[in-house]
Structure formats: structure tokens, C-alpha cells
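In: Model the following, please.
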Amino acid sequence: MKETINANIGSVAFTVDLDAYRLLKEYLDDVRSRLSANVQETMDDIERRFAEIFHERIASPMQVVTADMVRAAIERMGQPSDFGEQHAPAATPRPMLRRSRRDRSIAGICGGLAEFFGTDPTLVRIVTLLLILFGGLSLWVYIILWIIIPEAPAPKFTTTDKKP
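Out: Below you'll find the model as predicted:
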């Protein structure tokens, strides 16, 4: 017994074998990584072509798209290398250390440190307080950080929001 899922391929609903779904998803992801401009429009066209190929092979709506059908469709569509060279994924920029505007008690230092390290701001505040009280961190260090670390930019508001 094989597990199946319902998937929209080219805006058409199909019942797809789980192995076939994974194979098709890997193929489409590989093709997407090789395209540079107008990616969404091109990917929509490719998915629509897959839907046409599957409709040619499926006799009834109750039939399931199998991994063999996906392999045959890939043979007709071509290998991902036919779509070009694979582009390196865009590097996500490392977040800058900034004083928080949203999560602040005094100056936003602990909130900014929590955002930078991806932790809970309350935990950072407790650790900072304990370090100040028990001599591991001076109050002067907190004040210097307040001066040195820039404040996060103000949130941008759009004027398109209409109030009744």
C-alpha cells in the first residue's frame, strides 16, 4: 500500500503517489534554482505542461500519478541542466546588532541582544541583571553599549491604509 496526497499541479488537482510527489518537487526545485528572471511565470508554465502530460496518461479521475509517470514526464520535459547553470542561493545577510525599538525596558540593549542572538529578551534581562549585581558586568558597560550600539530604524508606515 502506498501513501497518496492531493496536489495542485498547474492549477489542476491530482492525486499523487508520495514518491512521485517528492520526485516532481525535487525536479521543480532544481529547475527553479537554475532560472534567473521571471521565475514564477516560467515555473507556472512548466507546471501547466506537467499537468497536460499527466492528463494524457490518466484515463480516469480516480487514477493516481505514479513515480513512473513523473519520470516519463521528466524525460519529455528535459533534465534540469537543460534550463541553464545552477545559481548559488542568495546569502542571507547577517543581522546587525542594534538597540530594539519594540522590546525595550530602558535603552533597548537587552532587547537588541535578544533579537541578534534569537533568544528571549526576558532571559537576557535576567542574565544582565545578575551579572551587574554580582560583579560580572559593570553598569558602565551597559551605558557604553547604550552609546555605541545604534538604534534600530523606525518602522515604516504606509499611507495606503485608510481609516473609516
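
In: Please make it C-alpha for all contacts and neighbour counts, starting now.
Out: Fine.

In: Now do the end-to-end distance for stretch 8-28.
Out: In stretch 8-28, first residue to last residue: 13 Å (CA to CA, to the nearest Å).

In: ugh, wrong one, I meant stretch 85-98
Out: Using CA to CA, one end of stretch 85-98 lies 38 Å from the other.

In: before we move on, what about stretch 127-144?
Out: 18 Å.

In: Buried residues, that stretch. List them.
Out: 128, 132, 142 (16 or more other CA atoms under 10 Å).

In: Pipe the residues you listed into JSON lines and attach distance to residue 40 and secondary structure per row.
Out: Shown next, in JSON lines, are these (distance: CA to CA, whole Å; DSSP: H, G, I helix; E, B strand; the rest coil):
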{"residue": "128", "distance to residue 40": "47", "secondary structure": "helix"}
{"residue": "132", "distance to residue 40": "53", "secondary structure": "helix"}
{"residue": "142", "distance to residue 40": "48", "secondary structure": "helix"}
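
In: quick check, nearest of those residues to residue 66?
Out: Residue 66 lies nearest to residue 128 out of the buried residues of stretch 127-144, by CA to CA, at 57.7 Å.

In: quick one: the closest one from residue 152, how far?
Out: Counting by CA to CA - residue 128 and residue 152 are separated by 20 Å.

In: burial count for the residue nearest to residue 95 when sequence neighbours are not counted?
Out: Using CA to CA, 6 or more residues apart in numbering and skipping the chain neighbours, the partner closest in space to residue 95 is residue 116 (6.5 Å). Under the neighbour criterion other CA atoms under 10 Å, residue 116 is assigned a count of 16.
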